[in-house]
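Student: With the sequence up front, the predicted model follows.
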Amino acid sequence: MVQCPSCARSQQPRLVCSQCGAPLAVDLDFFAALDLPRVLQTDNATLEANYYDLGRRIHPDRFATAPSEIRDASLRATALLTRAYRTLRDPVSRGLYWLELHDHKLAEDNKQVPPDLAELVFEVQEELSELRALRQHSSDEARQGLLKLRSRRANLQGLLDELYAELFQNFAAFDAGGGRDREQLFAELKTILSKIAYLKSLVRDVDNELR
Amino acid sequence: MSRIFGIDLGTTNSLIAFMDGSEPRVIPDPESGNCLLPSVVSISHNGVIQVGYPAIELEFAQDFDGKELNPRTPPSRPFEGVVVRSVKRYMGLGGDDLAPEDRQRYSFADLSGPVVRFNVNGRSYTPSQISAEILKALKRRAEAVMGEQVTRAVITVPAYFNDGQRQATKDAGRFAGLEVVRLLNEPTAASLAYGLQRNSEGKVAVYDFGGGTFDISLLNIKGGVFEVLATNGDTHLGGDDIDRALVDWLLSDCPELKQNRRIWSSARRIAEAAKKELSTADFTRLELDLGERHLVKDLSRDEFERIAEPIVNRTLECCRRAMDDARLTPDDIDEVVLVGGSTRTPLVRERIAEFFGRQPLCSIDPDQVVALGAAVQAGVLMGTQSDVLLLDVVPLSLGIETMGGVMERLIHRNTTIPTSATEIFTTAVDNQTHVDVHVLQGERELARDCRSLARFKLGPIEPQPAGLPRIEVTFLIDANGILNVTARDQRTGREHSVDVKPSYGLTEDEIERMLEESIELGEADIEQRLLINARNEATQILTALAKQLKDYPDLIENEERQRIEQLAAKLESSRSGEDRELINRLVEELNQLSTPFAERIMNHAINQALQRKSVEELS
């Protein structure tokens, strides 16, 4: 329970006082900050609506002339809210946050390429360096290489879409509870997220070359 | 609670505005009626400071080279001191940021320090202190017109301003005795003035072509959130470049005249006037007074546009780059907003319309639109404008230097503010008692390519094996885009004090000291200002009288003329002295003595007008 510094009402921790509407400087997890149930299949419309609604109520611009204690609470509450929104809006960062929330952080030192992607990563890097070399000289072959890279780009996008589908299945399994072993789900989530991270950086390299 | 004012602290001109009911309004100078205050500050050798047009006059006098060109103009005395233009360019810069041209133009006190300091006869002034003089002049103007104290303001800054530049702007406010309630991005302010935040969703291009700078900002507006998609521009491209090109054209047949600074500055004034004239007229005549002869040239709008075209094209080049960065095409842009006096030139408007394929918004005076937007935001902060809520974004990524000199981003650019990020720091060796943290701002991968924001030491940490201590550092960016750092020991829950040493800009101690100094100097300042006012008044009455005596010799008796001339000579000699009371008394006496003469002139003028009228009626 927290007590509102403005009206002294004691209440469940939230970013905004349920009685007087003053911002509250409380430490909340991102789901609670946005008034969302702690599930992975976020309803995007509710996420956005809650963000704008809470944002309007607690933004520092609303309290520019309030006492410093309330101004400070408004600043902290808004900072937490924007951070929560930014994190939960994107499925990948939401998944990473889920791991963090359950003490399952992706190991910082695990910089290895996921094994099933190793070959693909190698191939694409090869194609990219070939194309860069070709661009120095012949225009005809470079055009060929460029065409090849374009189809590669489409192919990578396909893979990425599949991974996202897997990610959402994993989210659904988490939310359904029971059934499957949670530890197994966490391990699966880690693998998917790390694959997505690698594919994304690969797509970025390809896009830079295509531009 | 006192009113909050909106201030556009511009490179070339500055303005102050307020919410008049539900309408924002710019406050003009009570005497001249000018809304714009030129951002020009003169500091004389004995420390007298003037702002705006008087400072420009002194700058003009600085160009005096000893020889009078025209015997009819009164001799001006060379000004001993420094006239600073475009001080905004120097905000938040350190000595090592200065370009060679800057060092040629001004004398700087300390070139290695974290803050540049202008040197005037052994005294040094930071850009924040000089900007504060502009703010004080605006404050005085608003206080005179509104009859109330001005203590709080929203000040606008370019969207690309980094933390140091924002901090320097806030410091300037403090030096001027203003609480800066909010720093607002200029393109956001312009969009606010047009009420574009009420549109549910859309992309806006804000084209800001001022006297000396050009900025293009692409914004995405959604649900009251202003996201900066891209900014581009040229900090040395403005309407002044068009004036300079016109001077080159005007003096093309006699290039040797360009070497004469006095002629060059006169030519520049004439060129600027011609440019303004051609915004509405098709032809204009430029006349340059060279003393024994006049240089006269006619200029058509077509010819003018041929001269200005390359400069306008450079702005479009910046627009193209911004569009590329944001991966947008002109079709994606829903509105184009014009800011800055140089957008009055029809050629500029035509080219923008062509480029974006739509007519730009220009119903609000482009010189005033940013100040008006700042006033709207001031209204929001006072709680009188509750339909608007604007969420700005952080303009540059914020991060820390990690092993190997790599920049690790904690808060990405364009993140809505206020926001925060936390990072856990630990020790690398056993019994380490401090951890050094280097905070950076920028988009580059390597720390050395980013701008250093601040450094601080975490600790003291009690001696423990390496990696065991866990100190959680929170980087909080407030609604102004300014960084605050706090630290907490995760294990003990103890708050660490963080003594952030900014890499650029002033420390809190320096600011306090300068504020104390300025309070001590405050009374001397007021005395100086009153003296300057008295002198200006004396000059005005003397010039007017000299002209009247010359123009209407028949309206005055010899004896009366002698008495007036005697008193005028007395005032003339006391004008350069320090005795303000004496100057004021003589001005008053001279006023009274010459009133009958002035009345005769007035009657004479009225009679003449009546006569003319009757002749017209007869014919």
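Tutor: Nice, thanks for sending it over.

Student: Export stretch A:148-159 to CSV, keeping only CA atoms.
Tutor: C-alpha atoms of stretch A:148-159 as CSV (Å, rounded to 0.1, in the frame of the first residue of the first chain):
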residue,chain,number,x,y,z
LYS,A,148,20.5,-11.9,-55.9
LEU,A,149,20.7,-9.8,-52.7
ARG,A,150,17.1,-8.6,-53.2
SER,A,151,15.7,-12.1,-53.3
ARG,A,152,17.9,-12.9,-50.3
ARG,A,153,16.3,-10.0,-48.5
ALA,A,154,12.8,-11.4,-49.2
ASN,A,155,14.0,-14.8,-48.0
LEU,A,156,15.3,-13.3,-44.8
GLN,A,157,12.0,-11.5,-44.2
GLY,A,158,10.2,-14.8,-44.6
LEU,A,159,12.4,-16.4,-41.9
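
Student: Tell me if it is near chain B.
Tutor: No: Stretch A:148-159 does not reach chain B (C-beta under 8 Å from any C-beta of the partner chain); its nearest approach is 15.6 Å. Where you see a C-beta, it was placed from the backbone N, CA and C, and this is true even at glycine.

Student: Distance from the chain centre to that stretch, please.
Tutor: 24 Å (C-alpha atoms, centre = their mean, to the nearest Å).

Student: Just the buried positions in that stretch, please.
Tutor: Of all the residues in stretch A:148-159, those buried under the rule 16 or more other C-beta atoms under 10 Å in any protein chain shown are A:149, A:152, A:153, A:156, A:159.

Student: And the third one, which helix or strand is it part of?
Tutor: When elements are assigned from DSSP states H and E, residue A:153 belongs to helix A:139-176.

Student: ok, back up a step: out of the buried residues of stretch A:148-159, which comes closest to residue A:2?
Tutor: Using C-beta to C-beta, residue A:159 is the member of those that lies nearest residue A:2, at 46.4 Å.

Student: Could you find the closest non-adjacent residue to the residue nearest the centre of chain A?
Tutor: Residue closest to the mean C-alpha point of chain A, counted by C-alpha atoms, centre = their mean, is residue A:93 at 1.9 Å. Among residues not flanking residue A:93 along the chain, residue A:87 sits closest, at 5.0 Å (C-beta to C-beta, 6 or more residues apart in numbering or on different chains).

Student: from what I can see the residue nearest to the centre of chain A touches residue A:85, true?
Tutor: No: here residue A:93 does not reach residue A:85: they are 10.7 Å apart, not a contact under C-beta atoms under 8 Å.

Student: quick one: contacts for residue B:187?
Tutor: Each residue near residue B:187 by C-beta atoms under 8 Å, 6 or more residues apart in numbering or on different chains is listed here: B:159, B:204, B:206, B:208, B:215, B:217, B:219, B:228, B:231, B:337, B:339.

Student: Narrow these to those in strands?
Tutor: Residues from those lying in strands, with DSSP state E as the criterion: B:204, B:206, B:208, B:215, B:217, B:219, B:228, B:231, B:337, B:339.

Student: Same list, those residues, but as a markdown table with neighbour count and distance to chain A please.
Tutor: Formatted as a markdown table, the ones in strands among the contacts of residue B:187 follow (neighbours: other C-beta atoms under 10 Å in any protein chain shown; distance: C-beta to the nearest C-beta, whole Å):
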| residue | neighbour count | distance to chain A |
| --- | --- | --- |
| B:204 | 25 | 19 |
| B:206 | 30 | 21 |
| B:208 | 28 | 24 |
| B:215 | 25 | 24 |
| B:217 | 30 | 21 |
| B:219 | 28 | 18 |
| B:228 | 22 | 15 |
| B:231 | 22 | 20 |
| B:337 | 25 | 22 |
| B:339 | 29 | 22 |
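
Student: By pLDDT, give me the weakest of these.
Tutor: Looking at the ones in strands among the contacts of residue B:187 by pLDDT, the weakest one is residue B:228, with 84.

Student: what residues go with each domain of chain B?
Tutor: Chain B resolves into domains spanning B:1-194+B:370-379, B:239-307, B:398-506, B:514-618 when parsed by automatic domain parsing.

Student: quick one on the thing from earlier: for the residue nearest to the centre of chain A, give its distance to chain B.
Tutor: 11 Å (C-beta to the nearest C-beta, to the nearest Å).

Student: distance between the helix or strand of chain A with the lowest mean pLDDT and the chain's centre?
Tutor: Counting by mean pLDDT, DSSP states H and E, the weakest-scoring helix or strand in chain A turns out to be helix A:115-136, with a mean of 84. Taking C-alpha atoms, centre = their mean, the mean C-alpha location of helix A:115-136 is offset from the chain mean by 28 Å.

Student: which helices and strands sit right next to the one helix or strand residue B:537 maps to?
Tutor: Residue B:537 is part of helix B:508-551, with elements assigned from DSSP H and E. Using 3 or more C-beta pairs under 8 Å, 6 or more residues apart in numbering or on different chains; DSSP states H and E, the elements in contact with helix B:508-551 are strand B:49-51, helix B:163-175, helix B:558-575, helix B:580-618.

Student: which one of the ones you listed has the most crowded surroundings?
Tutor: helix B:163-175 (a mean of 24; mean count of other C-beta atoms under 10 Å in any protein chain shown).

Student: helices and strands around it, which ones?
Tutor: Against helix B:163-175 (3+ C-beta pairs under 8 Å, 6+ apart) you get helix B:127-146, strand B:152-157, strand B:179-185, strand B:451-458, helix B:508-551.

Student: Residue A:128 contacts residue A:204, doesn't it?
Tutor: No: counting by C-beta under 8 Å, residue A:128 sits too far from residue A:204 to count as a contact (11.4 Å).

Student: okay, now the domains of chain A?
Tutor: Taken from automatic domain parsing, chain A resolves into A:2-89, A:115-210.

Student: And the pLDDT at residue B:166?
Tutor: 92.

Student: and the residue in the stretch 501-619 of chain B that chain A sits nearest to, how far is that from residue B:116?
Tutor: Here the stretch 501-619 of chain B gets closest to chain A at one residue, residue B:508, 17.1 Å apart by C-beta to the nearest C-beta. Counting by C-beta to C-beta, to the nearest Å, the separation of residue B:508 from residue B:116 is 19 Å.

Student: between these two, who's got more neighbours?
Tutor: Taking neighbours as other C-beta atoms under 10 Å in any protein chain shown, residue B:508 and residue B:116 compare with residue B:116 leading, 26 against 11.
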